[in-house]
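**Q** for reference, the sequence and a predicted model appear below.
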Amino acid sequence: AHAGLAVYARADAGRSEDRENALALLDHRPEVIVDDGASTIRLVHLERPDVVAEMRGATEQTTSGVRPLRRMHAEGALRIPVIAANDARSKSLFDNRHGTGQSVVFAVADVANRSLRGATVVVVGYGRVGSGIAEHAAALGARVIVTETDPVAALQAAFAGFPVRTLARAAAEADFVISATGIRHTVDVAHL
């Protein structure tokens, strides 16, 4: 913004302001959207069909963002080509595990304003992001417990040295519960 570029974001914006900012951005009629979570790609389809008609395509960075876009494609509602950046091996094997895993752990420690040393961290889901969260939390001195519904991923967690438990059992011991599933409501009030 200080350099004179149009900026449509504020760190403390609420949902409605975020939506208005995204719509203002779409008024610039972008040819390509680089999205993280697919919210802007979905918004342009719902609110700005005239903009979609002129677009060349988009990229989506996350597994949780690709999921609804694949559903839109299956329903015939996705009107532009979208590159699923998360499908690139360099993204899924390295960035998800190391970049996202580390940044999630650091963000949790920062928001909690405390060290993870000695804390019990429950990681829900042991996919590429979850394995990175578990690895980085353990490196910072946390006791890590993994919950995983996929038996092969649970076996991977066990072989990596993490106890694997049900979420209900693990949550009872947790100082922190971090969901790495990309699916809403994986952790609910009953678990907490």
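**A** It's in. Numbers count the residues shown, from 1 in each chain.
**Q** which parts of the chain are helices?
**A** Using DSSP state H, the helices assigned to the chain run over residues 15-26, 39-47, 49-54, 63-74, 89-90, 101-112, 128-139, 151-159, 167-171.
**Q** and among those, the most buried is which?
**A** Among the helices of the chain, helix 128-139 has the highest mean neighbour count (mean count of other Cβ atoms under 10 Å), at a mean of 23. (C-beta placed from N, C-alpha, C; glycine too.)
**Q** count of residues packed around the nearest residue to A112 once chain neighbours are set aside?
**A** Excluding the flanking residues, the one nearest A112 by Cβ to Cβ, 6 or more residues apart in numbering is F176, at 7.2 Å. Neighbours of F176 under the rule other Cβ atoms under 10 Å: 18.
**Q** same check on V122?
**A** Counted with other Cβ under 10 Å, residues neighbouring V122 total 27.
**Q** so who does it touch?
**A** By Cβ atoms under 8 Å, 6 or more residues apart in numbering, V122 lies in contact with V144, I145, V146, T147, L167, A170, A171, E173, A174, F176, V177, I178.
**Q** again, 7 Å this time
**A** Applying Cβ atoms under 7 Å, 6 or more residues apart in numbering to V122 gives the contacts I145, T147, A170, A171, A174, F176, V177.
**Q** equivalent analysis for E31, please.
**A** Residues near E31 by Cβ under 7 Å, 6+ apart: M55, R56.
**Q** tell me the pLDDT at it?
**A** On pLDDT, E31 comes in at 97.
**Q** do the same with L192
**A** So L192 comes in at 85 (pLDDT).
**Q** try H185
**A** 88.
**Q** ok, now G141?
**A** Value for G141, per-residue pLDDT: 97.
**Q** how close does it sit to R114?
**A** G141 is 12 Å from R114, where distance means Cβ to Cβ, to the nearest Å.
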